[in-house]
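J.: let's see this in three dimensions:
(2 chains)
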Amino acid sequence: MRKLALSDDILMRVEKPARYVGGELNAVMKDKDKIDIRFAMCFPDVYEIGMSYLGIQILYDLFNRREDTWCERVYSPWPDLDSIMREKKIPLFALESQDPLKDFDFLGFTLQYEMGYTNILQVLDLAGIPLLAKDRADNDPLVIGGGPCSYNPEPLADFFDLFYMGEGEVSYDALLELYKANKKAGGSRMTFLKKAASVPGIYVPCLYEAAYHDDGTLASFTPLFPEAPATVRRVIVTDLNDTVYPDKLIVPYVRSFQDRVTLEVMRGCIRGCRFCQAGMVYRPLRERDVDWLKAQAETMLKASGYDEITLSSLSTSDYTGLPELTDYLIGDCGSRHINISLPSLRIDAFSLDVMSKVQDVKKSSLTFAPEAGTQRMRDVINKGITEDDIFHGAAEAFHGGWNKVKLYFMLGLPSETDADALGIPDLCERLSELYFAEIPKEQRNGRVQITASSSFFVPKPFTPFEWAPMLPREEYLRRAFLVKDSMRAQKNNKSLHYEYHDAEVTLLEGVLARGDRKVGKVILRAYQLGCMFDAWSERCDYGKWLQAFHDTGIDPDFYTQRERGEDELFPWDFIDIGVTKRFLRREWDRAMQAKVTPNCREACSGCGAASYGCGICMMPRGKVPDGSKAAGASGAEGGNA
Amino acid sequence: MNIRIRFGKEGMMRYIGHLDVLRTFQKIFRRAGVPMIYSNGYSPHPVMSFALPLGLGQTSEGEYLDAAVEDGADPKAVLRALKKATSQELPVYALRVLPEKAENAMAAVGGAVWKVILPQNMPAEGANSALKAILSRETIILPKKTKTREIELDIRPMIVSAAIEDGSLLMTIAAGSRANLAPDVLPGLLAAQMGLEPDAVSWQIRRLDLLDHNGSSLGSVGEET
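T.: Below is the predicted model of the structure:
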């Protein structure tokens, strides 16, 4: 039996001790004397959140297939254990071996949301690893980051030795081989980092220098060493049928947030919603083969014992094999009491039919994401759905027996007016009226319930809105109250419910999302002041963050309230994600004219992702939209050239 | 067909709560490919129930789970498959097919056999005489909190037998819905009798078996597989 890092006494004092003991089904144990590389993979949040994330399971499987590497997991200790570990000076450990993180060769962080940044410092601190990369010695683990937030790594540049831009399947083998060779040759940390900078997709922040104009904007971003490339290009898997995928998911004993098998059906998205970072940075759309998915579903269900499977992607309705796959799963799983969950579906006749087959209609509510209340606003963000789509979808849903509808919106979008904000209650009211018009009294199953939920829009790097200013806190709240009051004044207000997100957290997220290297000081100071688990809004202490801005002399408004100039050099411009800045600017201009851009299946708009030469970019499609120069199936447009 | 399996909880499994263990067994059955019977109604779930929850932090070699599986399943094959599908720290020991009219495990529980490893500061000799003194009392009245008020309860009849052996307290005490004595009550009395503060002692508690109302093991019902 494994020896645990925490004593029985401590484990019995903390909430959910199962978070810290490992030993789950399919967790990988290896003999540490027989391996060369120890890799600790961290999701910097609490266990149940981190265990729900598929990406780590994919990398965990990928690394552990190597005989010379043992990949283990680590998550943020919850504040109850955090304080015990500090008091008793217990170093943070990995779940599998229960060994201190300091003994590892690599500590990898997946960067899923900006508000998790202080938790990265918590993990480093508890592990006894110097917080700043420049203070680390040769025997400290190499700290590497990846995931969506690494597409603007600059606010975290001080804390990381390396970042990985792109999909893990591509370059990790090369990176690990390089590490092994360097270790064998007795090379230093710096020797390895310089060599690593030449591996495709790897960014080594200490090899670059940022210089600023007097107004605080970035003047230049230059490599300091010949080994460091001026541009770091994201790496992607060109053929998804050629990747490994975990057959045996780690199955937690305590219920995680996604207590089910997750099957990734494709990567990328054809939609091009202008607010969505994932829709840009994961281009182009690449599908997995439907027969492969059927077999994989079978294998994973069998190896885990889960009673639910979910199909995962950015927009599952756009997966061409969906009818075939769902038919198969319904036939195969239905008889075995296995549920199928289908998030990210567009609401149309097909998806409602599927959902009514796999879910209990009476219990479930239906979720739409119109994102904005007026058609003008939806065109600005290129949501690609019309009011007709929404009303048809809703009518179908009401006839299908659903009477609970959830609607997601954003407030504070570029060019939004009060009329656009008021479009939200108006849309909700008209949907409730549609219910009464469509469904005769005797067929109604209780009152229709329409819940609108709004978040405040945060502009993200590598989106057409990367130039956009945010709004002051008071203005966000004014708009939320405007919607709230109007919601109450509607005729069917008893059927309508409205909730909105926190404005303060939104502004912090805004600073971190488009911040530069200077912002690292603020994160460090906020952590020193006690900020942790900021993603848990009830735990985020805005006052401490304001204190941190004050103490470091950084003005948050510089990052949030300013409309960036067309020619401004952004901290993330040295990264080549495939999609070009020129395309993003063209999309910004079209947004300001409320012009819709067709999705990738309708026509190629020449975003630049065709330079990867794979996926949707290689399929024959329609003509290019008005006036814009674009690359079609035949030609590829270069990166940022 | 109703089956009863005997299983243990070792090592890190002692930190996994009752409901999580139940969910884990549902997964083990599915991994083993054992055809389970599902309940009818709103949200069908496998028909499965534990005899008696085990407290967090306690280990056991005598836990019982009743489950309904499809008629005609080969008990030997089911046991083999379950053993293969479970983990080292949640061992499955035995399986019995229950007679048609057998009481379910939860209703059947009347007693539990425990082993409490005593700490260094409770030497066997002192513990032995302290235990004798406690057991010689005709009544042992302890306060007990109910939902609404505090009552006094005589726990003496709930102690069937108790002895010190190899530095451990071995005891058979009442368990289940009719009368239930928590396994740390007698060790607590023992420590107090020896003049030790409650904070100064800690022990490891292990359940050895569960008994029915006649004092027979819950694992002795039906045919052995």
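J.: does the one residue in chain B that gets nearest to chain A sit in a helix or strand, and which one?
T.: Per CB to the nearest CB, the residue of chain B with the smallest distance to chain A is B:K27, at 3.0 Å. Any C-beta I mention is one placed from the backbone N, CA and C, and that applies to glycine too. Using DSSP states H and E, the element containing B:K27 is helix B:18-32.
J.: so which bits of that helix are buried?
T.: Buried residues in helix B:18-32, counting neighbours by 16 or more other CB atoms under 10 Å in any protein chain shown, are found at B:20-32.
J.: next SSE downstream of that helix?
T.: strand B:48-50.
J.: hmm, who's touching that following strand?
T.: B:18, B:21-22, B:25-26, B:29, B:36, B:63-68, B:104-106 (CB atoms under 8 Å, 6 or more residues apart in numbering or on different chains).
J.: enumerate the residues of chain B near chain A.
T.: When proximity is defined as CB under 8 Å from any CB of the partner chain, chain B approaches chain A at B:10-13, B:15-17, B:20-21, B:23-24, B:26-31, B:33, B:36, B:38, B:42-44, B:46, B:56-57, B:85, B:87-89, B:202, B:204.
J.: hang on, the earlier thing: return the distance of the helix holding B:K27 from the chain's centre.
T.: From the chain centre to the centre of helix B:18-32 is a distance of 18 Å (CA atoms, centre = their mean, to the nearest Å).
J.: look at whichever residue of the stretch 251-400 of chain A sits closest to chain B and say how many residues are nearby.
T.: For the stretch 251-400 of chain A, the residue closest to chain B is A:G305, as judged by CB to the nearest CB, at 3.0 Å. When neighbours are defined as other CB atoms under 10 Å in any protein chain shown, A:G305 has 21 of them.
J.: if I pick residue 209, what's in contact with it?
T.: Looking at chain A here, since you left the chain open. A:221-222, A:224.
J.: please refer instead to chain B.
T.: B:61-62, B:112-113, B:217-219.
J.: repeat that with 6 Å
T.: B:62, B:113, B:217 (CB atoms under 6 Å, 6 or more residues apart in numbering or on different chains).
J.: and it, that's in a helix?
T.: No: B:D209 sits outside any helix when classified using DSSP: H, G, I helix; E, B strand; the rest coil, being strand.
J.: how close does it sit to A:T326?
T.: Remark: distance between B:D209 and A:T326 (CB to CB, to the nearest Å) = 49 Å.
J.: ignoring the adjacent residues along the chain, who's closest to A:D573?
T.: The shortest distance from A:D573 to any non-neighbouring residue, by CB to CB, 6 or more residues apart in numbering or on different chains, is to A:K581 (6.7 Å).
J.: neighbours around the one you found, how many?
T.: Residues near A:K581, counting by other CB under 10 Å: 17.
J.: pLDDT score assigned to it?
T.: For A:K581, the pLDDT comes out at 98.
J.: how about it, phi and psi?
T.: A:K581 adopts backbone torsions of phi -70, psi -30, taken as degrees, to the nearest 10.
J.: picking up where we left off before, what packs against the helix holding B:K27?
T.: Contact partners of helix B:18-32 among helices and strands, from 3 or more CB pairs under 6 Å, 6 or more residues apart in numbering or on different chains; DSSP states H and E: helix B:75-85.
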